[in-house]
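Peer 1: Structure for this input, please:
(one chain, ligands or ions: 1)
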Amino acid sequence: MCGIVGYIGFREAFPVIIKGLQRLEYRGYDSAGVALMNGAMTIYKKAGKVSDLLNYIDGKPTNGTAGMGHTRWATHGAPNDKNAHPHTSNNGRLSIIHNGIIENYGPLKEELIKRGHEFHSDTDTEVLIHLIEDIQQKTGVSLEEAVRMALHEVIGAYAIVILSQDNPDELIAARKGSPMVIGVGEGEFFIASDATPIVEYTKNVIFLNDNELAIVHRDKLVVKTIENIEQTPYIQELEMKLEMIEKGGYEHFMLKEIYEQPRSIYDSMRGRIIAKDGFISLSGLNEYEEKFKNAERILIVACGTSWHAGLVAEYLIEDFARIPVEVEYASEFRYRNPIITEKDIVIAISQSGETADTLAAIELAKSKGATIFGICNVVGSSIPRVSHAGAYTHAGPEIGVASTKAFTAQVTILSLVALSLAQKKGTVSKTRLVELLTELEAIPGKVELALQSNEQIQVIADRFKDSRNALYLGRGYNFPVALEGALKLKEISYIHAEGYPAAEMKHGPIALIDEQMPVVVIATKGAILEKIISNIQEVKARQGVIIAIVTKGDTEVCKMADYVIEIPDTEEALVPLLATIPLQLLSYHIAIMRGCNVDQPRNLAKSVTVE
Ligand code: AGP
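Peer 2: Here you go, the predicted model:
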């Protein structure tokens, strides 16, 4: 996905836009550009990061109190100067920035070429601004009307901002399927993909809805539907604070977010449980209590780390609430013609709330009558808006591309979902419920303890930073943790890593074991510890090197592992919340030692809002 920023008001637009792009750079960073209006429209754009754009602009004129900027994650067209946004119309008097994907750009482009339009990029976005220009020239309608007419011809997702040489005091914005927030200031307006570029200027925001346009002037904002029906915009007050999106003294957002987990896990359950009374309250769940109680199965759809949280939920919900659960990769689910009925509950898990595959899976399930329960971290994002009910994880903005605190917050919420369903179905006694909730309340403090292994983990990271491969093994509740640990390592250090159910290793992967292969084993106290000890011995017998995550006080695994990282004891079902902490730190330190950009890993984006 890409980041878009627009500004019109009394300030110099350039610094507002650049700082906004820097805050959005986690969304995509293969090229960037700005368009500024100061009587005449000036455009600068460059492959690379926002810092490369700044170096390119250095010393060039940047004045103007209206403008827009874009940081790109390429969908169509290589990351280079010509494909960077903004893109302009044939006559150069219109410019556009776009987050999303225009599926039918090919035939539109062919038709426009026949009409004499010349294109300078390989992007789908450039087609849209030429289409708007073509409609205006053919019909003589206003820019606003031409935008509306053009959007009726577009198939796909968009969050766009348009600047016109002929309308220098106006920005036109529109969205469908990609997020857009409008900040409402005094005599100024801000437009952005999310609230992070806006929050330092104003807390009053409007989350534009799908198929809406905003016509923005310094002193006036009008919101209309794509059918030209004026809407009364709903202005909300942001809870987000500036310091939440700053690094707060940490070298990287990822490290800050790893260390925020005691707080974010606490916040995800705050106001939702009274452990001593065995009380759980998830409003969204209560609203659909009968549906959940009578559900014959629960489907979980998600991607990436959120899918791993969903896998933990499968163990939790089946273990405690005895409801069958099926965890699906959203990208597979949406195309495999799944059997879905109105009896089905679908839990959609997403940090960003904008992941295209997860959104599409939701739409498919909704179309067949399923009830959607969304678990998201970004208030006002698309997935909560299309879900019947849900719960926000309240982990705070997660800027690092590698998801950390969002994962543990998701698992916390899913633990509450499982226990709440168990309570409603009577499959767990009150006494047991009080025990589990009391232990859940203790998790933030135990995460603090797990974080104290940081220096020891740095030493281990130094030992393995040059590995070419790694294997992560876990069983039961720790199998999803093994998958998540492997994903963390590969996505920020670029070391190939695989997560596996420990017992599966002997069905193939054991052929990979030698003294060059670090094997991370989550071997915490639990009913199947003896089994995982056997798996460790199988690895050792083949000269494998073992890094074991163990329960504090372990006396068995530590005799056979090469490296041992202890985590506090807890309920077996809650171990994922603790076992993932050392794996996050291990991947972070290895990536740093390898000189990788942990907050903006190559080829990745924070939220994949395209297929
Ligand atoms: C996780 O570290 C990755 N950044 C990625 O797998 C992510 O979890 C996935 O793209 C899903 O994103 P979402 O939670 O915002 O839907």
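
Peer 1: Next one: the residue of the stretch 401-550 of the chain found nearest the ligand from residue 377, what distance?
Peer 2: The ligand sits closest to residue 403 of the stretch 401-550 of the chain, with a gap of 3.7 Å, by Cβ to the nearest ligand atom. Where you see a C-beta, it was placed from the backbone N, CA and C, and this is true even at glycine. From residue 403 across to residue 377, the span is 9 Å (Cβ to Cβ, to the nearest Å).

Peer 1: Next: residue 135.
Peer 2: Distance from residue 135 to residue 377, by Cβ to Cβ: 39 Å.

Peer 1: What strand or helix carries residue 522?
Peer 2: Counting by DSSP states H and E, the element that carries residue 522 is strand 518-523.

Peer 1: meant to ask about residue 569
Peer 2: Using DSSP H and E, residue 569 maps to neither a helix nor a strand.

Peer 1: Any figure for the gap between it and residue 115?
Peer 2: In this view, residue 569 and residue 115 are 71 Å apart by Cβ to Cβ.

Peer 1: ok so, going back, what residues does the strand holding residue 522 touch?
Peer 2: The contact list for strand 518-523 (Cβ atoms under 8 Å, 6 or more residues apart in numbering) reads 464, 467, 470-474, 478, 481-482, 485, 502, 513, 529, 532-533, 535-536, 539, 544-550, 554, 557, 561, 575, 579, 583, 586.

Peer 1: For the chain, which residues are neighbours of the ligand?
Peer 2: Within reach of the ligand by Cβ under 6 Å from any ligand atom, the chain has these residues: 303-306, 350-352, 355, 358, 401-403, 491, 607-608.

Peer 1: from those, which would you call buried?
Peer 2: By neighbour count, with 16 or more other Cβ atoms under 10 Å, the residues of the chain next to the ligand hold 303-306, 350-352, 355, 358, 401-403, 491, 607-608 as buried.

Peer 1: just those residues now: which is nearest residue 565?
Peer 2: Each of those was checked against residue 565 using Cβ to Cβ; the closest is residue 402, at 19.1 Å.

Peer 1: Just give the nearest non-adjacent residue to the closest one, would you?
Peer 2: Distances taken as Cβ to Cβ, 6 or more residues apart in numbering place residue 492 nearest to residue 402, at 5.1 Å, with adjacent residues excluded.

Peer 1: again with residue 129
Peer 2: Spatial nearest neighbour of residue 129, chain neighbours left out: residue 96 (4.1 Å); criterion: Cβ to Cβ, 6+ apart.

Peer 1: Next one: the one you found, what pLDDT does it get?
Peer 2: Per-residue pLDDT puts residue 96 at 98.

Peer 1: what's near enough to touch it?
Peer 2: 85, 86, 87, 88, 125, 128, 129, 132, 160, 161, 162, 163.

Peer 1: next one: residue 57
Peer 2: Taking Cβ under 8 Å, 6+ apart, one finds 34, 44 in contact with residue 57.

Peer 1: and with 6 Å instead?
Peer 2: Residue 57 is in contact with residue 44, counting by Cβ atoms under 6 Å, 6 or more residues apart in numbering.

Peer 1: Residue 351 versus that one, what's the distance?
Peer 2: From residue 57 across to residue 351, the span is 33 Å (Cβ to Cβ).

Peer 1: Spatially nearest residue to the residue most central in space within the chain (excluding sequence neighbours)?
Peer 2: Computing the C-alpha centroid of the chain and ranking residues by Cα atoms, centre = their mean puts residue 352 first, at 3.6 Å. Leaving aside its chain neighbours, residue 352 sits nearest to residue 607 (3.4 Å; criterion: Cβ to Cβ, 6+ apart).

Peer 1: Ok, residue 566 next?
Peer 2: residue 552 (4.4 Å).

Peer 1: Could you pull up the contacting residues of the one you found?
Peer 2: Contact analysis of residue 552 by Cβ under 6 Å, 6+ apart lists 566, 568, 569.

Peer 1: Let me have those residues in JSON lines, adding neighbour count as columns.
Peer 2: As requested, these are exported to JSON lines (neighbours: other Cβ atoms under 10 Å):
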{"residue": "566", "neighbour count": "20"}
{"residue": "568", "neighbour count": "19"}
{"residue": "569", "neighbour count": "16"}
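
Peer 1: Kindly reformat those as a markdown table and extend each row with pLDDT.
Peer 2: What follows is those, written out as a markdown table (pLDDT from 0 to 100):
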| residue | pLDDT |
| --- | --- |
| 566 | 98 |
| 568 | 98 |
| 569 | 98 |
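
Peer 1: Let me know the pLDDT of whatever residue of the chain ends up closest to the ligand.
Peer 2: At 1.9 Å from the ligand, residue 304 is the closest residue in the chain, using Cβ to the nearest ligand atom. Looking at residue 304, its pLDDT stands at 97.

Peer 1: quick one: low-confidence parts of the protein?
Peer 2: For the chain, applying pLDDT under 70 flags the ranges 1, 26-28, 75.

Peer 1: Can you classify the residue nearest to residue 129 as helix, strand or coil?
Peer 2: Three-state assignment for residue 96 (DSSP: H, G, I helix; E, B strand; the rest coil): strand.

Peer 1: Bridge partners for it, pull those for me.
Peer 2: Note on residue 96: beta-bridge partners by DSSP bridges are residue 87, residue 162.

Peer 1: what's the distance between it and residue 113?
Peer 2: 18 Å.

Peer 1: Over to residue 462?
Peer 2: Taking Cβ to Cβ, one finds residue 462 at 56 Å from residue 113.

Peer 1: ok so, going back, could you look up the next helix or strand downstream of the strand holding residue 522?
Peer 2: Past strand 518-523, further along toward the C-terminus, the next helix or strand under DSSP H and E is helix 529-540.

Peer 1: May I have that following helix exported as CSV, CA atoms only?
Peer 2: Extracted in CSV, the C-alpha atoms of helix 529-540 (Å, rounded to 0.1, in the frame of the first residue of the first chain):
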residue,chain,number,x,y,z
LEU,A,529,7.0,-31.3,27.2
GLU,A,530,8.3,-34.8,27.2
LYS,A,531,7.4,-35.2,23.6
ILE,A,532,9.3,-32.0,22.6
ILE,A,533,12.3,-33.2,24.6
SER,A,534,12.3,-36.2,22.3
ASN,A,535,12.3,-33.9,19.3
ILE,A,536,15.2,-31.9,20.8
GLN,A,537,17.1,-35.2,21.2
GLU,A,538,16.4,-36.1,17.5
VAL,A,539,18.0,-32.7,16.5
LYS,A,540,21.0,-33.1,18.8
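
Peer 1: Alpha carbons of the helix or strand just after that helix, as PDB, please.
Peer 2: As assigned by DSSP H and E, the chain's next helix or strand after helix 529-540 is strand 545-551. The C-alpha trace of strand 545-551 is given here as PDB (Å, rounded to 0.1, in the frame of the first residue of the first chain):
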ATOM      1  CA  VAL A 545      22.200 -26.400  17.400                       C
ATOM      2  CA  ILE A 546      19.400 -25.900  19.900                       C
ATOM      3  CA  ILE A 547      18.100 -22.500  21.100                       C
ATOM      4  CA  ALA A 548      15.400 -23.400  23.700                       C
ATOM      5  CA  ILE A 549      12.700 -21.200  25.100                       C
ATOM      6  CA  VAL A 550      12.000 -22.800  28.500                       C
ATOM      7  CA  THR A 551       9.900 -22.100  31.600                       C
END
